[in-house]
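Novice: Any chance you could fold what I've pasted below:
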Amino acid sequence: MPENDNPGEREEVRKEIRDALRSLRKEAERVGKDLQTVVDSTQKFLETKTPVVSSTIEDSIEKASEAFKRAMNTVDQQTRPQQVRILENYKVFLETQLTRVEKRLSDISKK
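Specialist: Sure, this is the predicted structure:
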């Protein structure tokens with residue numbers, strides 16, 4: 001940011017960044033909840049109705065894909081620097097989700 005920007009403009013930019021991050025956090029939480037719901041429902045389904053697993057997995061992937069698209073649309077509405085920060089935070093969120101899935105797989109494999 002140029003040094004001659006006035007404090008009011010800088011504060012407005014900071015507010016926009018905070019709002020964008022808040023919006024992305026909410027979307028990330030929704031995605032996390034959607035994914036957890038999908039994982040839980042898929043697990044229950046697998047335990048009771050193994051023959052139709054393929055279609056359930058496809059539905060789960062579709063729901064996760066839609067949640068991801070919503071999150072990316074939110075990101076696309078931001079400035080480039082905001083997108084970089086948001087995507088870095090989103091990457092950390094996804095890595096956490098992946099770690100949870102890997103742990104669950106490991107736990108299931110041990111049974």
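Novice: how far is the particular helix or strand that has residue 86 in it from where the chain is centred?
Specialist: According to DSSP states H and E, residue 86 maps onto helix 80-110. Distance, stretch centre to chain centre, for helix 80-110: 8 Å (CA atoms, centre = their mean, to the nearest Å).
Novice: That helix: which residues count as buried?
Specialist: Under the neighbour-count criterion of 16 or more other CB atoms under 10 Å, helix 80-110 has 82, 83, 86, 90, 93, 94, 97 buried. To be clear about C-beta, it is placed using only N, CA and C from the backbone, and glycine gets the same treatment.
Novice: Next up, the contacts around the fifth one.
Specialist: Put plainly, it is residue 93. By CB atoms under 8 Å, 6 or more residues apart in numbering, residue 93 lies in contact with 28, 31, 32.
Novice: Would you convert the buried residues of helix 80-110 into CSV that also reports pLDDT and distance to residue 105?
Specialist: As requested, those are exported to CSV (pLDDT from 0 to 100; distance: CB to CB, whole Å):
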residue, pLDDT, distance to residue 105
82, 89, 34
83, 89, 32
86, 87, 28
90, 85, 22
93, 87, 19
94, 87, 16
97, 89, 13
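Novice: Show me where this structure dips below the pLDDT cut-off.
Specialist: 1-5, 45-46, 49-53 (pLDDT under 70).
Novice: Okay, residue 36 and residue 42: tell me how far apart.
Specialist: As for residue 36, its distance to residue 42 is 11 Å (criterion: CB to CB, to the nearest Å).
Novice: between those two, who's got more neighbours?
Specialist: The residue with more neighbours, out of residue 36 and residue 42, is residue 42; 16 against 12, by other CB atoms under 10 Å.
Novice: Now the more buried one: which helix or strand?
Specialist: helix 7-48.
Novice: List the buried residues of the helix or strand following that helix.
Specialist: Once helix 7-48 ends, the next helix or strand along the chain (criterion: DSSP H and E) is helix 53-76. Judged by neighbour count (16+ other CB under 10 Å), helix 53-76 contains these buried residues: 56, 60, 64, 67, 68, 71, 74, 75.
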